[in-house]
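Trainee: Prediction below, plus the sequence it came from.
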Amino acid sequence: DAVTGVQTCALPILWVLWIALGLAADVDLDGFDDADGSDNCPGLSNPDQTDDNGDGHGDACVDVTATVSPTATLGSGVDIREGVVVDDNASIGSNTTIGARSRIGEAAIIGNDVVIGRRVQVGDRADIGDDVGLARNVQVGADAAIGLGSAIGYAVVIEQGASVGSGTVLGSLSRVAAAATVDGSVVVARSAIIDTCAVVESGTVLGPETGVSAFAEVGTGARIRRGSQVGTAAVVGSNARIGRSTDVGPGATVQSNGTIRANANVPTCMQVSAGTPLLRGETATSVASECTIVLSEDQGGDDIWTTSVYAYDGVAQTPGGGSNNNFLLIGGWGDTYLSLIEFDIAGLPGGVTGASVELFRQTRTSGSTANFYVDRITGSWDYRNTGTGRDNDRLWWANRPSTASYSGSITPVAAENWQTIDVTTMYNNWSSGTWPNHGLSLRPASVSNQWVVFESSNACTDDLCSNRAEREIADRCRVPRLVLTP
């Protein structure tokens, strides 16, 4: 050292020893103790301790234009730049940098050695692990999680409740939708989309502009090349290889180690087996061993509940109406509540050996549990375009369709479990055209303050479940589904 004549390599060794022994707490050598709170920029040397806005954080580590909640926690060596907002109870780890005009939501957790670019939005209760890099304009939704060592590219969107595992790379302009799961060491290229409740397992590589649709599953080590699309509830097995611009339809299966060449097509509920490659431009003709179709109003399905007395329209108590909301209600207390479900089965295989409707049962605290019957709906119920009520937002009781009895009394499963309802005969008659497909109705066996409630196809979308934050993420993935066994 030019001043003391002491060798410079000796000072760090002594300094580390002093810190370990608790003999020094001024780690950044600015003359203020980092451990007892007297240094307003712990871990970053600022001898003048300037704090022009009086927020308790030195201007050297927190820009004077930044807003940091007094209940937020900042680690040693943070660098928070102009216009940043850090909300209540957020936690920022050591040696983390937050770029200009970014926002860190309430109770969010940011790990150590994280680098966050400009204009990044981190939602409430999001959890970002150590050594993560977020490029500018990234959006991380509430309750989302990003594992340690991941790299997130420019303008990536990670929606509410999504989970991104450790060591994952998300390319620019890609999107991980609400409640989707991306395991560790996955590579997602530019502009790829992983939709709601999809699962992409570890070691997978998704090429540019690929899409993994809602409820689809992609197994460990799979490779999906540029522009290919995996349909709703489709399954791509581990180490499968899918060539460019290939479509894997809803409910379709590519078995583990299966191979599909470019521009091929796997239609709905079809299958590609291991050892039998689907060649360039070919269409798969083998039926999958199991096919799951998720109920969606956007794809021709529908569900709703209605009741005999109350209107639920906010205008008047009567006549009987109901609601197209996030649950399906069956039961009553002197009155009757029943639910209707219709799947679009066009293009699905017929003559199956098994068909079942799966519903996820919610918890209901009032009354006792209602057994229920399944009825076959024999008439149309297009409440959005026809009806006699005050609006077309609900199925009014007077417009409920005719039905025919189908099942005996069914005992519900315990709450927070899936109910499986056998509809094999009904489905095969729909498929053959023997019975018109108007769906099925769930009718209570008794109405003495007895109830059973299932998730609907609207399960906790943002506009329906904004006040159910603790359950909102899981509920998105619990919508009704039709499972076929050919």
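Mentor: Great, that's in hand.
Trainee: drop to CA atoms for contacts and neighbour counts, all remaining ones
Mentor: Will do.
Trainee: Give me the neighbour count for Asn429.
Mentor: Residues lying near Asn429 (other CA atoms under 10 Å) number 15.
Trainee: which SS state does it fall under?
Mentor: Secondary structure for Asn429, judged by DSSP: H, G, I helix; E, B strand; the rest coil, is helix.
Trainee: Pull up the gap between the residue lying closest to Val287 once chain neighbours are set aside and Arg226, please.
Mentor: Excluding its sequence neighbours, the residue lying closest to Val287 (CA to CA, 6 or more residues apart in numbering) is Met270, at 4.3 Å. From Met270 across to Arg226, the span is 22 Å (CA to CA, to the nearest Å).
Trainee: ok, now Trp435?
Mentor: Trp435 sits 43 Å away from Arg226, going by CA to CA.
Trainee: Of these two, which one has the most company?
Mentor: Neighbour totals were compared for Trp435 and Arg226, and Arg226 leads with 21 against 15 (other CA under 10 Å).
Trainee: just wondering, since we're on the more buried one, how far is it from Ala262?
Mentor: Separation of Arg226 from Ala262 (CA to CA) stands at 10 Å.
Trainee: rewinding a little: contact partners for the residue nearest to Val287?
Mentor: The contact partners of Met270, by CA atoms under 8 Å, 6 or more residues apart in numbering, come to 249, 251-253, 284-288.
Trainee: Spatially central residue for the chain, please.
Mentor: Nearest to the mean C-alpha position of the chain, counting by CA atoms, centre = their mean, stands Ala179 at 1.2 Å.
Trainee: what about the helices in the stretch 301-450 of the chain?
Mentor: 424-432 (DSSP state H, counting those that start in this stretch).
Trainee: quick one, strands of it?
Mentor: Using DSSP state E, counting those that start in this stretch, the strands found in the stretch 301-450 of the chain span residues 302-307, 322-323, 327-333, 337-342, 354-360, 368-369, 372-377, 403-405, 418-422, 440-444, 448-455.
Trainee: Minimum distance to Ala142: which of these has it?
Mentor: Comparison of those against Ala142 by CA to CA identifies strand 448-455 as nearest, at 22.0 Å.
Trainee: and the closest one, which residues are buried?
Mentor: By 16 or more other CA atoms under 10 Å, the buried positions in strand 448-455 come out as 448, 450-455.
Trainee: can you check stretch 372-379 too?
Mentor: Buried residues in stretch 372-379, counted by 16+ other CA under 10 Å: 372-378.
Trainee: Relative to Ser356, which of those residues is nearest.
Mentor: Val374 (12.0 Å).
Trainee: Look up how far Gly301 lies from the closest residue to Tyr383 other than its chain neighbours.
Mentor: Once flanking residues are discounted, Tyr383 sits nearest to Leu395: 5.3 Å by CA to CA, 6+ apart. According to CA to CA, Leu395 and Gly301 sit 15 Å apart.
Trainee: ok, now Gln229?
Mentor: Taken as CA to CA, the span from Gln229 to Gly301 is 22 Å.
Trainee: Same question for Thr96.
Mentor: For Thr96 relative to Gly301 (CA to CA), the value is 48 Å.
Trainee: wait, what's in contact with Leu482?
Mentor: 292-295, 343, 355-358.
Trainee: in the helix or strand that contains it, what's buried?
Mentor: Assessed by DSSP states H and E, Leu482 sits inside strand 481-485. Using 16+ other CA under 10 Å as the burial criterion, the residues of strand 481-485 that qualify are 481-485.
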